[in-house]
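Enquirer: Give me a 3D structure for the following:
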Amino acid sequence: MKKILLLNLCVMYFVSNVFAAPVVSSANGDIEDGVTITISGIDFGNKIGSAALCDYISEIENGQSGETVSLENCTPGSLGYPKYSSKDSHSGSQSVVYEYNNQTSSFVSSLFEFDPQDKVYFTVWVKLDKQDALTRFQWKTWRLDNMGTYLHNDGPQVLHNTWWQDGRWFNSGGLMTYYDNGVAGCNEGTPNDAFVIGEWMRLEGYYQSSSEGGLNDGKIWVKRIGRDGNIFETETAITHGVNEMSEEYKWRYLLLGVGYSNHIPLEDSFEMNIFYDDIYVDNSLARVEIGDNPDFDSCTHREIQSLKEWGDNSLTVKINKGSFNEGENAYLFVVDDNGLASEGYPITIGESSSMTFDVNVDGQVNVIDVIMCVNIVIGHASGNADVNEDGQTNVQDVTALVNEILGN
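Expert: Numbering: from 1, shown residues only. I've put the predicted structure just below:
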(Lines give C-alpha, C1' and ligand atoms only; values in the text may rest on other atoms or scores of the structure.)
Protein backbone atom coordinates (compact mmCIF):
# COMPACT_ATOMS: atom_id res chain seq x y z
CA MET A 1 0.00 0.00 0.00
CA LYS A 2 2.82 2.42 0.88
CA LYS A 3 4.53 1.65 -2.44
CA ILE A 4 1.30 2.34 -4.34
CA LEU A 5 0.79 5.61 -2.45
CA LEU A 6 4.37 6.65 -3.15
CA LEU A 7 3.97 5.76 -6.82
CA ASN A 8 0.79 7.81 -7.07
CA LEU A 9 2.49 10.80 -5.47
CA CYS A 10 5.39 10.50 -7.92
CA VAL A 11 3.00 10.33 -10.87
CA MET A 12 1.08 13.37 -9.60
CA TYR A 13 4.33 15.28 -9.17
CA PHE A 14 5.51 14.31 -12.63
CA VAL A 15 2.24 15.28 -14.32
CA SER A 16 2.01 18.60 -12.46
CA ASN A 17 5.52 19.52 -13.55
CA VAL A 18 5.20 18.31 -17.15
CA PHE A 19 2.08 20.42 -17.68
CA ALA A 20 3.08 23.37 -15.49
CA ALA A 21 2.12 26.72 -16.96
CA PRO A 22 4.78 29.43 -17.25
CA VAL A 23 5.23 31.75 -14.28
CA VAL A 24 6.41 35.35 -14.75
CA SER A 25 8.42 36.74 -11.84
CA SER A 26 9.56 40.04 -13.31
CA ALA A 27 9.58 42.31 -16.32
CA ASN A 28 12.48 44.75 -16.53
CA GLY A 29 12.19 47.82 -18.74
CA ASP A 30 9.88 50.59 -19.88
CA ILE A 31 6.48 49.42 -21.14
CA GLU A 32 6.58 51.70 -24.16
CA ASP A 33 6.28 51.07 -27.88
CA GLY A 34 9.50 49.81 -29.44
CA VAL A 35 11.36 49.39 -26.14
CA THR A 36 13.00 46.01 -25.50
CA ILE A 37 12.37 44.50 -22.06
CA THR A 38 13.52 41.33 -20.29
CA ILE A 39 10.96 38.94 -18.80
CA SER A 40 12.07 36.44 -16.15
CA GLY A 41 10.34 33.47 -14.57
CA ILE A 42 10.15 29.69 -14.80
CA ASP A 43 8.69 27.00 -17.11
CA PHE A 44 8.66 29.11 -20.26
CA GLY A 45 9.68 25.94 -22.08
CA ASN A 46 11.45 25.53 -25.40
CA LYS A 47 10.82 27.25 -28.69
CA ILE A 48 12.27 26.55 -32.14
CA GLY A 49 13.93 29.82 -33.06
CA SER A 50 13.68 33.01 -31.04
CA ALA A 51 11.95 35.42 -33.40
CA ALA A 52 8.70 34.73 -35.26
CA LEU A 53 8.69 33.46 -38.84
CA CYS A 54 7.04 36.70 -40.01
CA ASP A 55 6.66 39.71 -37.71
CA TYR A 56 5.29 42.89 -39.28
CA ILE A 57 4.08 44.61 -36.11
CA SER A 58 6.31 47.65 -36.55
CA GLU A 59 7.45 47.25 -40.18
CA ILE A 60 4.07 48.29 -41.58
CA GLU A 61 4.76 51.77 -40.19
CA ASN A 62 7.78 52.13 -42.48
CA GLY A 63 5.85 52.00 -45.77
CA GLN A 64 4.62 54.91 -47.86
CA SER A 65 0.83 55.33 -47.79
CA GLY A 66 -0.67 54.51 -51.19
CA GLU A 67 2.33 52.47 -52.33
CA THR A 68 2.30 48.71 -52.96
CA VAL A 69 3.25 46.73 -49.88
CA SER A 70 6.92 45.78 -49.70
CA LEU A 71 7.81 43.58 -46.74
CA GLU A 72 10.53 40.97 -46.26
CA ASN A 73 9.33 37.48 -47.32
CA CYS A 74 6.08 38.98 -48.60
CA THR A 75 5.11 38.89 -52.30
CA PRO A 76 2.05 40.69 -53.73
CA GLY A 77 -0.45 38.29 -55.31
CA SER A 78 -0.86 37.96 -59.08
CA LEU A 79 -4.46 39.22 -59.19
CA GLY A 80 -4.13 42.48 -57.27
CA TYR A 81 -1.83 44.35 -54.93
CA PRO A 82 -2.35 45.46 -51.31
CA LYS A 83 -1.17 48.92 -50.35
CA TYR A 84 0.02 50.79 -47.30
CA SER A 85 -2.73 53.03 -45.97
CA SER A 86 -2.93 55.89 -43.48
CA LYS A 87 -6.74 55.96 -43.76
CA ASP A 88 -7.15 53.57 -40.86
CA SER A 89 -5.01 51.54 -38.47
CA HIS A 90 -5.28 49.46 -35.33
CA SER A 91 -1.94 50.61 -33.96
CA GLY A 92 0.49 53.26 -35.08
CA SER A 93 -0.43 55.49 -38.00
CA GLN A 94 -1.06 53.09 -40.88
CA SER A 95 -2.03 49.58 -41.92
CA VAL A 96 -2.17 47.43 -45.05
CA VAL A 97 -5.34 47.72 -47.15
CA TYR A 98 -6.80 45.31 -49.71
CA GLU A 99 -9.17 47.29 -51.95
CA TYR A 100 -11.94 45.33 -53.69
CA ASN A 101 -14.19 47.23 -56.13
CA ASN A 102 -15.43 47.40 -59.73
CA GLN A 103 -12.38 49.40 -60.78
CA THR A 104 -9.79 47.05 -59.27
CA SER A 105 -10.58 43.38 -58.62
CA SER A 106 -12.52 40.88 -56.53
CA PHE A 107 -9.18 39.28 -55.71
CA VAL A 108 -6.31 41.09 -53.99
CA SER A 109 -3.75 39.08 -52.05
CA SER A 110 -0.23 38.70 -50.81
CA LEU A 111 1.94 35.67 -50.05
CA PHE A 112 3.87 35.42 -46.81
CA GLU A 113 6.66 32.88 -47.26
CA PHE A 114 8.59 30.97 -44.57
CA ASP A 115 10.56 27.75 -44.18
CA PRO A 116 8.48 24.53 -44.48
CA GLN A 117 6.50 23.88 -41.28
CA ASP A 118 4.30 21.22 -39.66
CA LYS A 119 2.84 23.78 -37.25
CA VAL A 120 1.79 27.36 -37.94
CA TYR A 121 0.40 30.00 -35.56
CA PHE A 122 -1.00 33.14 -37.16
CA THR A 123 -2.59 36.30 -35.79
CA VAL A 124 -3.64 39.62 -37.30
CA TRP A 125 -5.88 42.61 -36.64
CA VAL A 126 -8.54 43.03 -39.36
CA LYS A 127 -11.19 45.63 -40.20
CA LEU A 128 -13.89 44.96 -42.82
CA ASP A 129 -14.89 48.38 -44.21
CA LYS A 130 -17.95 47.57 -46.34
CA GLN A 131 -18.89 50.53 -48.57
CA ASP A 132 -21.50 48.90 -50.82
CA ALA A 133 -25.14 47.84 -50.46
CA LEU A 134 -24.68 44.15 -51.24
CA THR A 135 -26.91 41.79 -49.29
CA ARG A 136 -24.67 38.77 -49.80
CA PHE A 137 -20.98 38.11 -50.46
CA GLN A 138 -18.19 35.62 -49.93
CA TRP A 139 -15.02 36.57 -48.03
CA LYS A 140 -12.08 34.34 -48.90
CA THR A 141 -10.14 35.14 -45.74
CA TRP A 142 -6.80 33.32 -45.95
CA ARG A 143 -5.15 30.08 -47.07
CA LEU A 144 -2.24 27.98 -45.89
CA ASP A 145 -0.42 25.76 -48.37
CA ASN A 146 2.90 24.54 -49.77
CA MET A 147 2.87 26.28 -53.16
CA GLY A 148 1.27 29.70 -52.78
CA THR A 149 -1.57 28.91 -55.20
CA TYR A 150 -5.27 29.75 -55.50
CA LEU A 151 -6.12 26.28 -56.84
CA HIS A 152 -7.45 23.39 -54.77
CA ASN A 153 -5.48 20.61 -56.43
CA ASP A 154 -1.81 21.53 -56.10
CA GLY A 155 -0.97 20.06 -52.72
CA PRO A 156 -2.18 20.25 -49.12
CA GLN A 157 -4.18 23.37 -48.33
CA VAL A 158 -6.22 24.83 -45.51
CA LEU A 159 -8.86 27.22 -46.86
CA HIS A 160 -11.19 29.65 -45.10
CA ASN A 161 -14.09 30.75 -47.30
CA THR A 162 -16.81 32.54 -45.38
CA TRP A 163 -20.24 33.73 -46.54
CA TRP A 164 -22.27 36.71 -45.28
CA GLN A 165 -25.95 37.44 -45.95
CA ASP A 166 -28.39 39.96 -44.50
CA GLY A 167 -26.25 40.90 -41.52
CA ARG A 168 -24.96 37.48 -40.48
CA TRP A 169 -22.37 34.90 -41.39
CA PHE A 170 -23.80 31.56 -42.31
CA ASN A 171 -22.90 27.92 -41.95
CA SER A 172 -21.34 26.82 -45.22
CA GLY A 173 -17.76 25.75 -45.84
CA GLY A 174 -15.99 28.15 -43.50
CA LEU A 175 -13.04 25.79 -42.96
CA MET A 176 -11.82 23.26 -45.52
CA THR A 177 -8.69 21.16 -45.96
CA TYR A 178 -7.58 19.60 -49.23
CA TYR A 179 -4.96 16.91 -49.82
CA ASP A 180 -3.97 14.34 -52.48
CA ASN A 181 -4.88 16.57 -55.44
CA GLY A 182 -8.14 17.96 -54.19
CA VAL A 183 -9.65 15.40 -51.81
CA ALA A 184 -11.46 17.17 -48.96
CA GLY A 185 -10.42 16.16 -45.46
CA CYS A 186 -12.39 18.65 -43.38
CA ASN A 187 -15.40 20.90 -43.93
CA GLU A 188 -16.81 23.02 -41.10
CA GLY A 189 -19.37 25.79 -41.19
CA THR A 190 -19.14 29.35 -39.92
CA PRO A 191 -20.97 30.56 -36.77
CA ASN A 192 -23.37 33.45 -37.36
CA ASP A 193 -21.35 35.80 -35.13
CA ALA A 194 -17.90 34.72 -36.32
CA PHE A 195 -16.69 38.15 -37.45
CA VAL A 196 -17.72 41.80 -37.17
CA ILE A 197 -17.99 44.47 -39.85
CA GLY A 198 -16.82 48.06 -39.37
CA GLU A 199 -14.69 47.39 -36.28
CA TRP A 200 -11.13 46.25 -35.70
CA MET A 201 -11.01 42.61 -34.57
CA ARG A 202 -8.07 40.41 -33.70
CA LEU A 203 -8.11 36.97 -35.31
CA GLU A 204 -5.74 34.10 -34.62
CA GLY A 205 -5.37 30.56 -35.84
CA TYR A 206 -3.32 27.44 -35.15
CA TYR A 207 -2.60 24.66 -37.64
CA GLN A 208 -0.92 21.34 -36.85
CA SER A 209 -0.56 18.82 -39.65
CA SER A 210 -1.56 15.16 -39.57
CA SER A 211 1.11 13.04 -37.88
CA GLU A 212 1.09 10.68 -40.88
CA GLY A 213 -0.29 10.96 -44.37
CA GLY A 214 -4.01 10.26 -44.47
CA LEU A 215 -4.51 10.23 -40.68
CA ASN A 216 -7.33 12.36 -39.30
CA ASP A 217 -5.42 13.81 -36.35
CA GLY A 218 -4.61 17.26 -37.71
CA LYS A 219 -5.46 20.12 -35.34
CA ILE A 220 -6.92 23.44 -36.43
CA TRP A 221 -8.53 26.25 -34.49
CA VAL A 222 -9.43 29.85 -35.29
CA LYS A 223 -10.73 32.42 -32.84
CA ARG A 224 -11.67 36.07 -32.56
CA ILE A 225 -10.40 37.64 -29.34
CA GLY A 226 -13.35 38.81 -27.27
CA ARG A 227 -15.76 36.25 -28.72
CA ASP A 228 -16.58 33.22 -26.54
CA GLY A 229 -15.29 29.96 -27.98
CA ASN A 230 -13.49 29.19 -31.21
CA ILE A 231 -14.87 30.07 -34.62
CA PHE A 232 -13.50 26.82 -35.99
CA GLU A 233 -12.04 23.90 -34.06
CA THR A 234 -11.13 20.36 -35.04
CA GLU A 235 -8.65 17.72 -33.91
CA THR A 236 -9.68 15.25 -36.63
CA ALA A 237 -8.60 16.99 -39.83
CA ILE A 238 -6.76 15.16 -42.59
CA THR A 239 -4.30 17.83 -43.70
CA HIS A 240 -1.89 15.75 -45.82
CA GLY A 241 -2.29 12.69 -48.02
CA VAL A 242 -0.27 9.47 -47.87
CA ASN A 243 2.16 10.83 -50.48
CA GLU A 244 2.41 14.30 -48.98
CA MET A 245 4.61 13.98 -45.90
CA SER A 246 7.95 14.95 -47.43
CA GLU A 247 9.55 18.37 -46.94
CA GLU A 248 8.15 19.75 -50.20
CA TYR A 249 4.57 19.27 -49.00
CA LYS A 250 4.93 21.06 -45.67
CA TRP A 251 3.19 24.40 -45.27
CA ARG A 252 5.30 27.37 -46.34
CA TYR A 253 2.88 30.02 -47.62
CA LEU A 254 0.13 32.07 -46.01
CA LEU A 255 -2.15 33.74 -48.57
CA LEU A 256 -3.77 36.76 -46.98
CA GLY A 257 -6.69 38.79 -48.35
CA VAL A 258 -7.67 36.27 -51.00
CA GLY A 259 -11.00 37.62 -52.24
CA TYR A 260 -14.34 39.44 -51.91
CA SER A 261 -16.65 37.80 -54.44
CA ASN A 262 -19.97 36.10 -55.34
CA HIS A 263 -21.85 39.35 -54.83
CA ILE A 264 -25.62 39.66 -54.69
CA PRO A 265 -27.27 41.59 -56.32
CA LEU A 266 -24.89 40.83 -59.21
CA GLU A 267 -25.72 44.02 -61.09
CA ASP A 268 -24.79 46.27 -58.16
CA SER A 269 -21.37 47.83 -57.78
CA PHE A 270 -19.20 46.44 -55.01
CA GLU A 271 -16.66 48.05 -52.72
CA MET A 272 -14.97 46.54 -49.68
CA ASN A 273 -11.74 47.78 -48.10
CA ILE A 274 -10.15 45.24 -45.77
CA PHE A 275 -7.47 46.65 -43.48
CA TYR A 276 -4.82 44.43 -41.84
CA ASP A 277 -2.43 45.40 -39.06
CA ASP A 278 0.14 43.75 -36.76
CA ILE A 279 0.59 40.64 -38.94
CA TYR A 280 2.41 37.85 -37.09
CA VAL A 281 3.22 34.26 -38.17
CA ASP A 282 5.22 31.64 -36.23
CA ASN A 283 5.83 27.89 -35.97
CA SER A 284 4.84 27.68 -32.31
CA LEU A 285 2.16 28.75 -29.86
CA ALA A 286 4.99 30.06 -27.65
CA ARG A 287 4.62 33.82 -27.52
CA VAL A 288 4.26 36.89 -25.28
CA GLU A 289 1.07 38.94 -25.05
CA ILE A 290 -0.34 41.93 -23.19
CA GLY A 291 -4.00 41.69 -22.14
CA ASP A 292 -6.73 43.50 -20.22
CA ASN A 293 -7.44 40.77 -17.62
CA PRO A 294 -5.18 38.82 -15.22
CA ASP A 295 -6.73 35.62 -16.62
CA PHE A 296 -5.53 35.01 -20.18
CA ASP A 297 -8.70 33.34 -21.44
CA SER A 298 -10.86 36.12 -19.98
CA CYS A 299 -9.10 38.87 -21.92
CA THR A 300 -11.25 40.72 -24.45
CA HIS A 301 -8.28 42.75 -25.68
CA ARG A 302 -4.83 41.28 -26.28
CA GLU A 303 -1.75 42.51 -28.13
CA ILE A 304 0.98 40.22 -29.49
CA GLN A 305 4.59 41.21 -28.68
CA SER A 306 7.68 41.02 -30.92
CA LEU A 307 9.96 38.22 -29.72
CA LYS A 308 13.71 38.77 -29.71
CA GLU A 309 15.16 36.00 -27.52
CA TRP A 310 13.52 32.97 -25.89
CA GLY A 311 14.81 30.90 -22.97
CA ASP A 312 13.23 28.60 -20.39
CA ASN A 313 13.47 31.22 -17.62
CA SER A 314 14.27 34.45 -19.44
CA LEU A 315 13.24 36.09 -22.71
CA THR A 316 13.28 39.49 -24.38
CA VAL A 317 10.54 41.22 -26.37
CA LYS A 318 10.04 44.54 -28.09
CA ILE A 319 6.94 46.17 -26.64
CA ASN A 320 3.88 46.59 -28.84
CA LYS A 321 1.21 48.47 -26.90
CA GLY A 322 -1.20 48.21 -29.85
CA SER A 323 -4.36 50.13 -28.95
CA PHE A 324 -3.70 50.20 -25.20
CA ASN A 325 -3.46 53.78 -23.92
CA GLU A 326 -0.70 55.42 -21.92
CA GLY A 327 -1.33 54.97 -18.21
CA GLU A 328 -3.70 52.03 -18.73
CA ASN A 329 -3.29 49.02 -16.44
CA ALA A 330 -2.65 45.75 -18.27
CA TYR A 331 -1.18 42.27 -17.79
CA LEU A 332 1.76 40.55 -19.40
CA PHE A 333 1.54 36.86 -20.33
CA VAL A 334 4.02 34.22 -21.44
CA VAL A 335 2.43 31.37 -23.42
CA ASP A 336 4.38 28.13 -23.91
CA ASP A 337 4.51 25.82 -26.93
CA ASN A 338 1.56 23.80 -25.58
CA GLY A 339 -0.61 26.92 -25.41
CA LEU A 340 -0.49 27.16 -21.60
CA ALA A 341 -0.48 30.77 -20.45
CA SER A 342 0.98 32.27 -17.29
CA GLU A 343 -1.07 34.28 -14.87
CA GLY A 344 -1.07 37.92 -15.84
CA TYR A 345 1.88 39.93 -14.56
CA PRO A 346 0.61 43.46 -13.77
CA ILE A 347 2.09 46.33 -15.76
CA THR A 348 1.15 49.89 -16.60
CA ILE A 349 1.44 51.10 -20.20
CA GLY A 350 4.02 53.87 -20.46
CA GLU A 351 5.63 53.17 -17.09
CA SER A 352 8.70 51.22 -16.01
CA SER A 353 8.49 47.66 -14.73
CA SER A 354 11.20 46.20 -12.54
CA MET A 355 12.45 43.08 -10.75
CA THR A 356 10.46 41.81 -7.79
CA PHE A 357 11.83 40.12 -4.66
CA ASP A 358 9.87 36.91 -5.24
CA VAL A 359 12.92 34.94 -6.38
CA ASN A 360 11.33 31.48 -6.28
CA VAL A 361 8.15 32.78 -7.93
CA ASP A 362 5.65 31.39 -5.42
CA GLY A 363 3.70 34.62 -4.91
CA GLN A 364 5.33 35.40 -1.54
CA VAL A 365 8.51 37.11 -0.36
CA ASN A 366 10.04 35.29 2.62
CA VAL A 367 13.06 33.32 3.84
CA ILE A 368 12.60 30.76 1.05
CA ASP A 369 13.49 33.50 -1.42
CA VAL A 370 16.65 34.22 0.58
CA ILE A 371 17.66 30.55 0.39
CA MET A 372 16.95 30.50 -3.35
CA CYS A 373 18.93 33.71 -3.83
CA VAL A 374 21.93 32.29 -1.94
CA ASN A 375 21.83 29.10 -4.04
CA ILE A 376 21.81 31.14 -7.23
CA VAL A 377 24.72 33.28 -6.02
CA ILE A 378 26.88 30.23 -5.16
CA GLY A 379 25.91 28.43 -8.36
CA HIS A 380 23.76 25.66 -6.90
CA ALA A 381 20.62 26.86 -8.70
CA SER A 382 19.67 28.85 -11.79
CA GLY A 383 17.25 31.75 -12.03
CA ASN A 384 17.02 35.53 -11.84
CA ALA A 385 18.01 36.93 -8.43
CA ASP A 386 19.29 40.36 -9.42
CA VAL A 387 16.88 42.01 -6.99
CA ASN A 388 18.85 45.26 -6.75
CA GLU A 389 18.96 45.52 -10.56
CA ASP A 390 22.66 46.31 -10.91
CA GLY A 391 23.21 43.74 -13.64
CA GLN A 392 24.94 41.25 -11.32
CA THR A 393 23.82 38.51 -8.95
CA ASN A 394 25.89 38.50 -5.77
CA VAL A 395 25.80 38.92 -1.99
CA GLN A 396 24.44 42.45 -2.37
CA ASP A 397 21.24 40.97 -3.75
CA VAL A 398 20.98 38.70 -0.70
CA THR A 399 21.38 41.74 1.55
CA ALA A 400 18.74 43.70 -0.39
CA LEU A 401 16.34 40.79 -0.13
CA VAL A 402 16.86 40.41 3.62
CA ASN A 403 16.30 44.13 4.11
CA GLU A 404 13.08 43.94 2.09
CA ILE A 405 11.76 41.12 4.28
CA LEU A 406 12.74 42.93 7.49
CA GLY A 407 11.23 46.19 6.23
CA ASN A 408 14.53 48.07 6.43
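Enquirer: Mind listing the strands the strand ranked longest in the chain pairs with, and their directions?
Expert: Using DSSP state E to assign secondary structure, the strand with the most residues in the chain is strand 251-264. Strand 251-264 sits in its sheet next to strand 110-117 (antiparallel), strand 136-145 (antiparallel), going by DSSP bridges.
Enquirer: which residues touch residue 63?
Expert: Counting by C-beta atoms under 8 Å, 6 or more residues apart in numbering, residue 63 touches 69-71, 84, 94, 96. Using the backbone N, CA and C atoms, a C-beta is placed for each residue, glycine as well.
Enquirer: just residue 247 next, same as before
Expert: residue 116.
Enquirer: Now residue 54: closest residue in space that isn't a chain neighbour?
Expert: Distances taken as C-beta to C-beta, 6 or more residues apart in numbering place residue 281 nearest to residue 54, at 4.0 Å, with adjacent residues excluded.
Enquirer: Could you check the helix or strand hosting the one you found and say which residues are buried?
Expert: Using DSSP states H and E, the element containing residue 281 is strand 271-282. Going by neighbour count (16 or more other C-beta atoms under 10 Å), the buried part of strand 271-282 is 271-282.
Enquirer: got the residues you listed as a markdown table, with pLDDT columns?
Expert: Listed next are the buried residues of strand 271-282 as a markdown table, based on pLDDT from 0 to 100:
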| residue | pLDDT |
| --- | --- |
| 271 | 92 |
| 272 | 93 |
| 273 | 94 |
| 274 | 95 |
| 275 | 96 |
| 276 | 96 |
| 277 | 97 |
| 278 | 97 |
| 279 | 96 |
| 280 | 96 |
| 281 | 96 |
| 282 | 97 |
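Enquirer: Got the domain ranges for the chain?
Expert: Per the record, the chain has its domains at 21-48+288-351, 54-282, 367-406, by automatic domain parsing.
Enquirer: rewinding a little: by contact count, what packs against the helix or strand just after the strand holding residue 281?
Expert: Proceeding C-terminally, strand 271-282 gives way to strand 287-291 as the next helix or strand, assigned by DSSP H and E. When contacts are defined as 3 or more C-beta pairs under 8 Å, 6 or more residues apart in numbering; DSSP states H and E, strand 287-291 packs onto strand 302-304, strand 329-335.
Enquirer: Most tightly packed of the ones you listed?
Expert: strand 302-304 (a mean of 24; mean count of other C-beta atoms under 10 Å).
Enquirer: so the residue nearest the centre of the chain bridges to which residues?
Expert: By C-alpha atoms, centre = their mean, the mean C-alpha position of the chain lies nearest to residue 123, the distance being 4.7 Å. Using DSSP bridges, the beta-bridge partners of residue 123 come out as residue 204, residue 280.
Enquirer: what does residue 38 give?
Expert: Counting by DSSP bridges, the residues bridging with residue 38 are residue 28, residue 316.
Enquirer: Ok, which of the domains of the chain comes nearest residue 357?
Expert: domain 367-406 (4.9 Å; C-beta to C-beta).
Enquirer: Run through the residues that contact residue 377.
Expert: By C-beta under 8 Å, 6+ apart, the contact set of residue 377 is 385, 393-395, 397-398.
Enquirer: Quick one, grab the pLDDT at it.
Expert: pLDDT recorded at residue 377 is 91.
Enquirer: what's it sitting at in phi/psi?
Expert: With angles defined as degrees, to the nearest 10, residue 377 sits at phi -60, psi -40.
Enquirer: check contacts around residue 350.
Expert: By C-beta under 8 Å, 6+ apart, the contact set of residue 350 is 30-32, 321, 326-327.
Enquirer: What pLDDT does the model give the closest residue to residue 89 other than its chain neighbours?
Expert: Residue nearest to residue 89 in three dimensions, not counting chain neighbours: residue 95, with 4.3 Å by C-beta to C-beta, 6+ apart. Per-residue pLDDT puts residue 95 at 97.
Enquirer: so residue 95 touches residue 275, yeah?
Expert: Yes: the pair formed by residue 95 and residue 275 meets the contact definition of C-beta atoms under 8 Å, at 4.6 Å.
Enquirer: Now do the shared contacts for those two.
Expert: In contact with both residue 95 and residue 275: 85, 88-89, 127, using C-beta under 8 Å, 6+ apart.
Enquirer: For burial, what's the neighbour tally of the residue nearest to residue 388 when sequence neighbours are not counted?
Expert: Distances taken as C-beta to C-beta, 6+ apart put residue 400 closest to residue 388, at 4.4 Å, once the chain neighbours are dropped. Counted with other C-beta atoms under 10 Å, the neighbours of residue 400 add up to 18.
Enquirer: go on, residue 383?
Expert: Residues near residue 383, counting by other C-beta under 10 Å, number 19.
Enquirer: Run through the residues that contact it.
Expert: 40, 42, 313, 359-360, 372, 376.
Enquirer: Confidence-wise, which of the residues you listed comes last?
Expert: residue 360 (77).
Enquirer: isn't that one right up against residue 368?
Expert: Yes: between residue 360 and residue 368 there is a contact under C-beta under 8 Å: 5.6 Å.
Enquirer: more neighbours, those two?
Expert: Taking other C-beta under 10 Å, residue 360 and residue 368 do not tie; residue 360 has more neighbours (22 against 13).
Enquirer: Checking my notes, that one in a strand, right?
Expert: No: checked against DSSP: H, G, I helix; E, B strand; the rest coil, residue 360 lies outside a strand; its state is coil.
Enquirer: Tell me who's in contact with it.
Expert: Contact analysis of residue 360 by C-beta under 8 Å, 6+ apart lists 368-369, 372, 383.
Enquirer: Is residue 405 in a helix, a strand, or coil?
Expert: Under three-state DSSP, residue 405 falls in the helix class.
Enquirer: re earlier: what distance separates the longest strand of the chain from the middle of the whole chain?
Expert: 20 Å (C-alpha atoms, centre = their mean, to the nearest Å).
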